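give me coordinates for this.
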Amino acid sequence: MRITAGEFRSRTLNVPDIDGLRPTSSRVREALFNILGDIEGWKILDLFSGSGVMAIEALSRGAAHVISIEHDREVCRHLHTLAQKFNIENRWNIQQASLPKALANIHGQSFDWIFADPPYQVGIAEQIPLWLQKTNITTPSLVVEESVRARPKWPQDWHVSSRRYGDTNLYFLQQEADS
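Down below sits the predicted model:
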């Protein structure tokens, strides 16, 4: 897997052969970062970090800091190895925990962007906005990656739009102002 732009452009990262690990494709990453535009100095939360490619891509493109949350211990060990390889340990905080517990640990924080790539078609995607609300974690931009076959039922107080890239939907969620 290659980083598509920025400081680490064209550098590769190994993706361990772990069941369920599904890195975001370069096509989807490029499209998403083109939509986001300049992320210089942003604070980002990466949920269900998996391969770590989104966090490294964001840091490569100028994000100031990324917190990645991943529940799998073996995957987290791999992410720490990548942080050392790219010399970004001081900008990339990797937390090994279940999502609700990890969010409780960062209660009340604000992020410029939150990206979530939960396991496809499991029903977790639609829970993410609720978990963020419960922990008072705020962002102007939440993006959730999900299979086009899934039909998440998003909370009504969130405005949702989507874009399709092959078998992948990116859902763009913004909490409505009066909620």
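
any weak-confidence spans in this structure?
177-179 (pLDDT under 70).

run through who's touching stretch 96-103.
By Cβ atoms under 8 Å, 6 or more residues apart in numbering, the residues outside stretch 96-103 that reach it are 47-48, 69-73, 76, 95, 105, 124, 128, 131-132, 134-135, 137. Quick note: C-beta positions are derived from backbone N, CA and C, even for glycine.

measure the residue lying closest to Glu70 once chain neighbours are set aside to Gly20 for me?
Nearest residue to Glu70, sequence neighbours excluded (Cβ to Cβ, 6 or more residues apart in numbering): Ser49, at 4.2 Å. Distance from Ser49 to Gly20, counting by Cβ to Cβ, to the nearest Å: 13 Å.

among those two, which residue is more densely surrounded?
Ser49 (27 against 9; other Cβ atoms under 10 Å).

from what I can see the more buried one touches His71, true?
No. Because the distance of 9.5 Å does not satisfy Cβ atoms under 8 Å, Ser49 is recorded as not touching His71.

mind listing what's buried in the lengthiest helix in the chain?
Across the chain, the helix with the greatest residue count (assigned by DSSP state H) is helix 73-85. When burial is assessed from 16 or more other Cβ atoms under 10 Å, helix 73-85 yields the following buried residues: Val75, Cys76, His78, Leu79, Leu82, Ala83.

next secondary structure after it?
Note on helix 73-85: by DSSP states H and E, the next helix or strand toward the C-terminus is strand 92-96.

next, the buried residues of the helix or strand that comes right after that following strand.
Using DSSP H and E, the helix or strand that follows strand 92-96 in sequence is helix 99-105. The neighbour-count check on helix 99-105 (16+ other Cβ under 10 Å) flags Leu99, Ala102, Leu103 as buried.

just give me the neighbour total for His107.
For His107, using other Cβ under 10 Å, the count is 10.

name the nearest residue to it, sequence neighbours excluded.
In space, and not counting its chain neighbours, His107 is closest to Thr135: 4.8 Å by Cβ to Cβ, 6+ apart.

wait, the one you found touches Ser110, no?
No. In this structure, Thr135 is not within contact of Ser110 by Cβ under 8 Å, at 11.7 Å.
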